[in-house]
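Student: structure for the following, please:
(2 chains)
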Amino acid sequence: SAVISQKPSRDICQRGTSLTIQCQVDSQVTMMFWYRQQPGQSLTLIATANQGSEATYESGFVIDKFPISRPNLTFSTLTVSNMSPEDSSIYLCSVRSGERISGYTFGSGTRLTVV
Amino acid sequence: GDSVTQMEGPVTLSEEAFLTINCTYTATGYPSLFWYVQYPGEGLQLLLKATKADDKGSNKGFEATYRKETTSFHLEKGSVQVSDSAVYFCALSSGAGSYQLTFGKGTKLSVIP
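Tutor: Residues are numbered from 1 along each chain as shown, chains lettered A, B, ... in the order given. A predicted model of the protein is given here:
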């Protein structure tokens, strides 16, 4: 299965600033997903990023707040913009290789604290 | 839409006790089902999966059987260890559209010596 390198692993940011999270995959993958895990909660899908097209956002998430780039089949970034303490969460990227039965691989996550 | 209902925790067990974490789902078509584990301070890891009815996924002593008739995928382990302390997430992928994963709320397991 794919191996994902996600960084930064954690950060403490001032409110009003932005943070860009990077995910690098060791193989080409069709679909890349960005999730948010708020403290003590489950994972919520933010958006699906496909190379060569705009990301598809889930209800409650907008591009201005969470812009995503997917310049090629091995890399993606998620930016958390104009941060507030409510954005304090773990952000994870995930990939699937294109075959449904292969499952999904997750990055190690970015633990974001907004102060 | 798709949904996963998972037994809420926290669950506290003594070492060598039997573990069951219930998971039921609602989905269109024939979803693939997964259990993920999140150890303290770490990311998500796939624990096991099943892709069709009556399949049994197993790994590290954990098992779960895909029961289409009851739309369930309960996680079991016969004898838990302290090292099994983690949060366990049941998830599904319906394959309809974007192939995204839908997660349950997670169950925190603590195993005490």
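Student: can you list the residues of chain B near chain A?
Tutor: Listed as neighbours of chain A in chain B under the rule CB under 8 Å from any CB of the partner chain: B:32, B:34, B:36, B:42-46, B:49, B:51, B:89, B:93, B:95, B:98-101, B:103-106. Every C-beta, even on glycine, is put in place using the N, C-alpha and C of the backbone.
Student: now, of those, which are buried?
Tutor: The neighbour-count test (16 or more other CB atoms under 10 Å in any protein chain shown) applied to the residues of chain B next to chain A identifies B:32, B:34, B:36, B:43-44, B:46, B:49, B:51, B:89, B:93, B:95, B:98-101, B:103-106 as buried.
Student: what residues of stretch B:21-28 count as buried?
Tutor: For stretch B:21-28, by 16+ other CB under 10 Å, it's B:21-25, B:27.
Student: so residue A:16 sits right up against residue A:85, yeah?
Tutor: No - taking contacts as CB atoms under 8 Å, residue A:16 lies outside contact range of residue A:85: 11.1 Å.
Student: secondary structure element for the residue lying closest to residue B:35 once chain neighbours are set aside?
Tutor: Leaving aside its sequence neighbours, residue B:35 sits nearest to residue B:47 (CB to CB, 6 or more residues apart in numbering or on different chains; 4.4 Å). In this assignment (DSSP states H and E), residue B:47 forms part of strand B:44-50.
Student: wait, doesn't residue B:110 sit right on residue B:10?
Tutor: Yes - in terms of CB under 8 Å, residue B:110 counts as a neighbour of residue B:10; the distance is 6.2 Å.
Student: and the two? which has more neighbours close in?
Tutor: residue B:110 (14 against 9; other CB atoms under 10 Å in any protein chain shown).
Student: which residues does that one contact?
Tutor: Contacts for residue B:110 (CB atoms under 8 Å, 6 or more residues apart in numbering or on different chains) come out as B:10-13, B:85.
Student: narrow these to those that are buried.
Tutor: Buried by 16+ other CB under 10 Å: B:11, B:13, B:85, out of the contacts of residue B:110.
Student: how far away is the last one from chain A?
Tutor: Taken as CB to the nearest CB, to the nearest Å, the spacing of residue B:85 relative to chain A amounts to 16 Å.
Student: could you find the closest non-adjacent residue to residue B:44?
Tutor: Among residues not flanking residue B:44 along the chain, residue A:106 sits closest, at 4.2 Å (CB to CB, 6+ apart).
Student: state the distance from the one you found to residue B:60.
Tutor: For residue A:106, the distance to residue B:60 (CB to CB, to the nearest Å) stands at 17 Å.
Student: in chain A, where is pLDDT below threshold?
Tutor: Applying pLDDT under 70 to chain A picks out residues A:97-102.
Student: pretty sure residue A:26 is touching residue A:2, no?
Tutor: Yes - assessed by CB under 8 Å, residue A:26 is found in contact with residue A:2 at 6.1 Å.
Student: what residues does chain A put near chain B?
Tutor: With CB under 8 Å from any CB as the criterion, chain A meets chain B at residues A:6, A:31, A:33, A:41-45, A:48, A:56, A:92, A:94, A:96, A:100-101, A:103-109.
Student: one more pass at 7 Å, please.
Tutor: Listed as neighbours of chain B in chain A under the rule CB under 7 Å from any CB of the partner chain: A:31, A:33, A:42-43, A:45, A:48, A:56, A:92, A:96, A:100-101, A:103-104, A:106-109.
Student: report the lowest-confidence entry in the buried residues of stretch B:21-28.
Tutor: Within the buried residues of stretch B:21-28, residue B:27 has the lowest pLDDT, namely 90.
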